[in-house]
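[1] Any chance you could fold what I've pasted below:
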Amino acid sequence: MEMASSATSDLQPFGQIYRGFHRLCGGALELHLLACDVVPSNSTRLKEPLVLKVVIPTASIVLLAMVLFGIMLWRVKHKSKSISPPSFATKFPQVSFNDLARATQGFSTSNLIGGGGYGSVYKGKLVGNQNEVAIKVFNLETRGAHKSFIAECNALRNVRHRNLVCIVTACSSIDSNGNDFKALVYELMPRGDLDKLLYPTRDHESTSDLDCITMAHRMSIIVDVADAMEYLHHNNQGTMVHCDLKPSNILLDDNMTAHVGDFGLARFKDDSTTLSLGNPNYSSVALRGTIGYAAPEYAVGGQVSTAADVYSFGVILLEVFIRRRPTDAMFKDGLSIVKFTEINFPDRVLEIVDPQLLQELELCKETPLDLKESGLGYLISMLNVGLCCTKPSPGERINMQQVTTKLHGIRDAYLREN
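    A predicted model of the protein is given here:
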């Protein structure tokens, strides 16, 4: 008993020390420590709900997000897909990168028929399609190319007219290297574009090409373009501004019918607002279009407008009959194709128009003089419409409805007499 008492008395100092550590539990009874199965202190009870309510759910959400992100990456890298605007889905064929590669023999240079700022155009033949198509492949490394693709898709799904390019389908996919791939597929226009028709290169030049651009053909091409622009400006659901009308964007089929294409810079106007078809966050900064065809107000930051399209159309009209590009070397020091026409109109127009037209007007010596003069009169009337479209101030220009009314009257009257 004395030994037990002595042991107890020896442990008491240690028990007093241990009791200072309030989280210690168990041990000899003589130490007077808490039993280990007692309820933890308040600080411990607070930390357990914190772990259950915050840490674990947060970790679970992060883990789930990482899993979903990994799945998305895998699908992007491994699943090639063909998509198009919603209205394309049920009416147009679905094509993949591989389909287009086969159609163009691996995008061979021998199939290359044109190009532009945002990509290249190839001719090809899709499986199951009897007709050749034109495949516009976007160079997505070029700034603005992706927006141009979206703009064209949005424009083409909302417009239908005989004088607009006909879309076959659109493809947004992954190429053989796992990179983004975007392309638009159109009906092939066998005659190429208006620029090539007016200025054939040595490779494409032929007597038949030159002979086909008669007065009647030029008038009809201009009327076709006018009809397309009137539709975009006045008869569509809202107003669409093309923003880049020029000869290389006017395509010709076998019948020499003109089709306006390339809507990569198109803008949709709704009352006082202007929206980019390629970017919903479009700013108010106007596009410049193409030098020589862009309206003068665009050079000083003017707003996108139908009047600017009218100006571009007027330049093309003058170019078709004069057969000089607005960027010709002769147009310098303030002289433009518009000024050139104005200072020679109407008395000296025969000095400035395409010599081929002069040959046509004077080709048959048996033609009565009044008929020759009548042909000249129609030529002057056409040029006058071009000048009405290219007034310096947007407010002075006639609109496309007025343009088409005038041009149809001139063309139809000329065809009746010839």
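
[2] Can you list the residue ranges for strands in the stretch 101-250 of the chain?
    112-115, 119-124, 133-138, 167-174, 180-187, 239-241, 250-252 (DSSP state E, counting those that start in this stretch).

[3] So for Ser148, which of those sits nearest?
    strand 133-138 (6.8 Å; CB to CB). C-beta: built from backbone N, CA, C; applies to glycine.

[4] picking that back up, the strands of the stretch 101-250 of the chain: which one's closest to Ser381?
    strand 250-252 (21.4 Å).

[5] what about the longest helix along the chain, average pLDDT?
    The longest helix of the chain (DSSP state H) is helix 56-78. Taken as a whole, helix 56-78 has a mean pLDDT of 71.

[6] Please export the C-alpha coordinates of that helix as CSV.
    C-alpha atoms of helix 56-78 as CSV (Å, rounded to 0.1, in the frame of the first residue of the first chain):
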residue,chain,number,x,y,z
ILE,A,56,-15.4,18.1,-50.0
PRO,A,57,-18.0,19.7,-52.3
THR,A,58,-15.5,22.1,-53.7
ALA,A,59,-13.0,19.4,-54.4
SER,A,60,-15.8,17.3,-56.0
ILE,A,61,-16.8,20.2,-58.3
VAL,A,62,-13.2,20.8,-59.4
LEU,A,63,-12.7,17.1,-60.1
LEU,A,64,-15.9,17.0,-62.1
ALA,A,65,-14.9,20.1,-64.1
MET,A,66,-11.6,18.5,-64.9
VAL,A,67,-13.2,15.3,-66.1
LEU,A,68,-15.7,17.2,-68.3
PHE,A,69,-12.9,19.4,-69.7
GLY,A,70,-10.9,16.3,-70.5
ILE,A,71,-13.8,14.7,-72.3
MET,A,72,-14.3,17.9,-74.4
LEU,A,73,-10.7,18.0,-75.4
TRP,A,74,-10.8,14.4,-76.4
ARG,A,75,-13.9,14.9,-78.5
VAL,A,76,-12.4,17.9,-80.3
LYS,A,77,-9.2,16.1,-81.1
HIS,A,78,-10.8,12.8,-82.1
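
[7] can you redo the strands of the stretch 101-250 of the chain as a markdown table with mean pLDDT, distance to Asp347 and mean neighbour count?
    Output for those, formatted as a markdown table (pLDDT from 0 to 100; distance: least, CB to CB, whole Å; neighbours: other CB atoms under 10 Å):
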| stretch | mean pLDDT | distance to Asp347 | mean neighbour count |
| --- | --- | --- | --- |
| strand 112-115 | 88 | 40 | 15 |
| strand 119-124 | 93 | 43 | 20 |
| strand 133-138 | 94 | 44 | 24 |
| strand 167-174 | 90 | 46 | 21 |
| strand 180-187 | 94 | 44 | 22 |
| strand 239-241 | 91 | 36 | 22 |
| strand 250-252 | 96 | 30 | 24 |
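
[8] Make CSV from the ones you listed and add distance to Phe345 to it.
    What follows is the strands of the stretch 101-250 of the chain, written out as CSV (distance: least, CB to CB, whole Å):
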stretch, distance to Phe345
strand 112-115, 34
strand 119-124, 37
strand 133-138, 38
strand 167-174, 39
strand 180-187, 37
strand 239-241, 28
strand 250-252, 24
